[in-house]
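Trainee: please find the sequence and the predicted model below.
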Amino acid sequence: MTARTEGTGAAPEGGADPGSATPPTPTQPTADPKPDAPLGEPGLRALQAERDARAEADRRVADLQRQLDEINAEKLTDLEKAQQAAAAAQQNLQAATTDKENTAAENLRLRFALQNGVPAAWVDRLHGNTVDELAADWATIQPTLAPVVDPNAPRVPAPLPHAGPQGGPPVSEEDLLYEQIYGSTRK
């Protein structure tokens, strides 16, 4: 320390307060993980040693944090522990109530679909919380569905417009000959 900063309580010229528990932060930017020039064998060993040291430091930080959390949990009073337990029970109650309401709504929707003949593919499309809402929704969906066809019912083939005799007046041989020669029918 210099005489000038000794009595003022200013930090020493190194940048860190000697009484602080945290080390000074580096002011230099970190090096590129893949610089243009290779590091060589000694550089790679030093880099690996630094990475190992960093991993060990991270493990120690996590262990110390866990220990701190345990100490803080031991410091809680019985009242605080009871309050935390009550808050957790309240959250569980809300989750159970929500599940119950969702299950009841799902049962209502499925019961409505079964009673009203809603096709299985369209059951998930129904929306509503009451029977009236479900009925209104089904009333909007129902007209858009194709009618159900019985697969065992006899099917009538569609008529072919160009097959078989065509309607109209009978044509004589003379009329056919006239049409072949002149391209039109007689009047």
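Mentor: In hand now; what should we look at? Numbers count the residues shown, from 1 in each chain.
Trainee: mind checking how far A136 is from G43?
Mentor: 75 Å (C-beta to C-beta, to the nearest Å). (Glycine included, C-beta is placed from N, CA and C.)
Trainee: what's the burial count for P151?
Mentor: Here the number of neighbours of P151 (other C-beta atoms under 10 Å) works out to 6.
Trainee: which ones are touching it?
Mentor: Neighbouring residues of P151 by C-beta atoms under 8 Å, 6 or more residues apart in numbering: there are none.
Trainee: report the separation between the residue nearest the centre of the chain and N116.
Mentor: Against the mean C-alpha coordinate of the chain, by C-alpha atoms, centre = their mean, the closest residue is D124 at 18.4 Å. D124 sits 15 Å away from N116, going by C-beta to C-beta.
Trainee: same check, this time on A104
Mentor: A104 is 18 Å from N116, by C-beta to C-beta.
Trainee: cool, and E80?
Mentor: For E80, the distance to N116 - C-beta to C-beta - is 54 Å.
Trainee: quick one, which of these two is more surrounded?
Mentor: Taking neighbours as other C-beta under 10 Å, E80 and N116 compare with N116 leading, 14 against 11.
Trainee: find the nearest non-adjacent residue to the more buried one, please.
Mentor: W138 (6.0 Å; C-beta to C-beta, 6 or more residues apart in numbering).
Trainee: helix or strand: which one has the one you found?
Mentor: Using DSSP states H and E, W138 sits within helix 131-141.
Trainee: can you pull the buried residues of that helix?
Mentor: 134, 137-138 (16 or more other C-beta atoms under 10 Å).
Trainee: a markdown table for those, including pLDDT?
Mentor: What follows is these, written out as a markdown table (pLDDT from 0 to 100):
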| residue | pLDDT |
| --- | --- |
| L134 | 91 |
| D137 | 91 |
| W138 | 89 |
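Trainee: enumerate the positions of the helix ranked longest in the chain that are buried.
Mentor: Taking DSSP state H as the criterion, the chain has its longest helix at helix 78-116. Neighbour-count burial for helix 78-116, counted by 16+ other C-beta under 10 Å, picks out 108-109, 112-113.
Trainee: likewise for stretch 44-63?
Mentor: So for stretch 44-63, nothing qualifies as buried (16+ other C-beta under 10 Å).
Trainee: quick one: low-confidence parts of this protein?
Mentor: The model of the chain has pLDDT under 70 over residues 1-39, 162-168, 170, 186-187.
Trainee: one more pass at 50, please.
Mentor: The chain contains residues with pLDDT under 50 at 1-20, 36.
Trainee: if anything else comes up later, I'll come back, but that's it for now.
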